[in-house]
Every structure is written in C-alpha cells, then in structure tokens.
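Peer 1: My questions are about this predicted structure, shown below with the sequence.
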Amino acid sequence: DQQVKQNSPSLSVQEGRISILNCDYTNSMFDYFLWYKKYPAEGPTFLISISSIKDKNEDGRFTVFLNKSAKHLSLHIVPSQPGDSAVYFCAPTNFGNEKLTFGTGTRLTIIP
Amino acid sequence: DVKVTQSSRYLVKRTGEKVFLECVQDMDHENMFWYRQDPGLGLRLIYFSYDVKMKEKGDIPEGYSVSREKKERFSLILESASTNQTSMYLCASSLSGLNYGYTFGSGTRLTVV
C-alpha cells in the first residue's frame, strides 16, 4: 500500500527550462512535507520543505506548492541546471512524528 | 563536518550468510533509521530506533533485525541473506522533535548471490 506516489519515474528537461516534479499522497494526517535529492552513490540530502499552513514555499530556484484538498504537492525548479540531474523524493510526515514516508522517486535528467 | 558513516560502500555476500551493516553518526542524534532503496519502490523503512536499546519495526522488517547498544551506532542484521535482499541500504539519523529531516549516509550496495 503505497501512501506516497510520484507517478513519473523519470523526467527529461532542457537546461534553462522549468522542471516540475509531482507527488500525491493518501494520508490526510500528513501536515509537513519535505523534498530530498539523491545523486548516485550518495545518500539523499534535504532540499526544501513546506508546512500545511502554507501553499507555497520558495528557496532560490526551488519552489514547492501544496494543494491539501487534492493531496498533491509539486516541486518546481527554474531555471533547470545540469547539476539538478538526480533522483527526487517527496517525504510527507506529521509534526511530532519522527518517521518519514518516502515517495517512489523521480529521476530528473537535465539536457544541456 | 557532521556525518553519518556506513562502514561499507559495496558488499557481496552468499545466500544464507549472516550480514552486518554498520552505521555511525557523530551528531548526538537520538533517532536512527535503516531504509532500503529499490527501483520503482522508493525508500522503504526497515527499522528505526528512538534511543539506545530501543527499536521499532518499519514497513518491511521481515528478514532483518537491528541492534543499538550505543547512541551513535545502529546496526542492521540480515540473519540469513537471500537474493531478494539485494538492494541499496541507507542509514539516517535525526534530532528528536525538530522535524528538520534526516541526515543520510552514503549507502551500502549489497549484492546477495
């Protein structure tokens, strides 16, 4: 039972364009959402997060949007750069819950 | 530079062997976690620990056990390795209560033949 789904296993985007990665979840109790980025042969690293009291959080080239009624969040990267090529995982949780539930991941490839 | 260190980057073991994967963190974090990463399945939680000698099952604990005798060290044990345990294993740690997310190790690629 996959509570968190990233329906695009892979995505290719031209350098300089916008990359949009999507994440859907089923558990309505989730109220805090994180995105992680993973390069090959390295552990995932924290990228950006959003609380359920917001619908948007921005950090430089990265913006996360949250639609709680649709149980959907998305990560926008603009402009996309070759160094953004990695696997991206969304990870919803609840405040006070130490566990993260990770999505299935999306492999993003930025084409120079 | 704070970190989570996994003792082996690559391991090859035979079916039926007992396998130990070691993880050490130097951040004085209370929480430690073991995940495995498989294509199309993302990261799935095997076991986690909130404190020394405490452990709780994650989503896929079958075939695994863990040990946490010291705060900084969390070991994952495959009692009798099987080919379906071939995977990338990732250890992580976090500070309780802040919800700032995890710090991960670099992973151990385990192949069971």
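Peer 2: That came in fine, so what should we check first?
Peer 1: of all of chain B, which residue lies closest to chain A?
Peer 2: B:Phe104 (2.9 Å; CB to the nearest CB). C-beta: built from backbone N, CA, C; applies to glycine.
Peer 1: Can you give me the neighbour number for that residue?
Peer 2: B:Phe104 is flanked by 25 other residues according to other CB atoms under 10 Å in any protein chain shown.
Peer 1: Poorly predicted segments of chain A, please.
Peer 2: A:1-2 (pLDDT under 70).
Peer 1: And the strands in it, which stretches?
Peer 2: Using DSSP state E, the strands found in chain A span residues A:4-5, A:10-14, A:19-25, A:32-38, A:45-51, A:56-59, A:62-67, A:72-77, A:86-93, A:106-111.
Peer 1: returning to that earlier point: report the beta-bridge partner residues of the residue of chain B closest to chain A.
Peer 2: Beta-bridge partners recorded for B:Phe104 (DSSP bridges): B:Ala92.
Peer 1: Please apply the same query to A:Cys90.
Peer 2: Taking DSSP bridges, one obtains A:Trp35 as the residues bridged to A:Cys90.
Peer 1: Please look at it and A:Trp35 and confirm they touch.
Peer 2: Yes - at 5.6 Å, A:Cys90 counts as touching A:Trp35 under the criterion of CB atoms under 8 Å.
Peer 1: These two: who's more crowded?
Peer 2: Comparing A:Cys90 with A:Trp35 by other CB under 10 Å, the one with more neighbours is A:Cys90, at 29 against 23.
Peer 1: From B:Phe20, how far out is the more buried one?
Peer 2: A:Cys90 sits at a distance of 31 Å from B:Phe20 (criterion: CB to CB, to the nearest Å).
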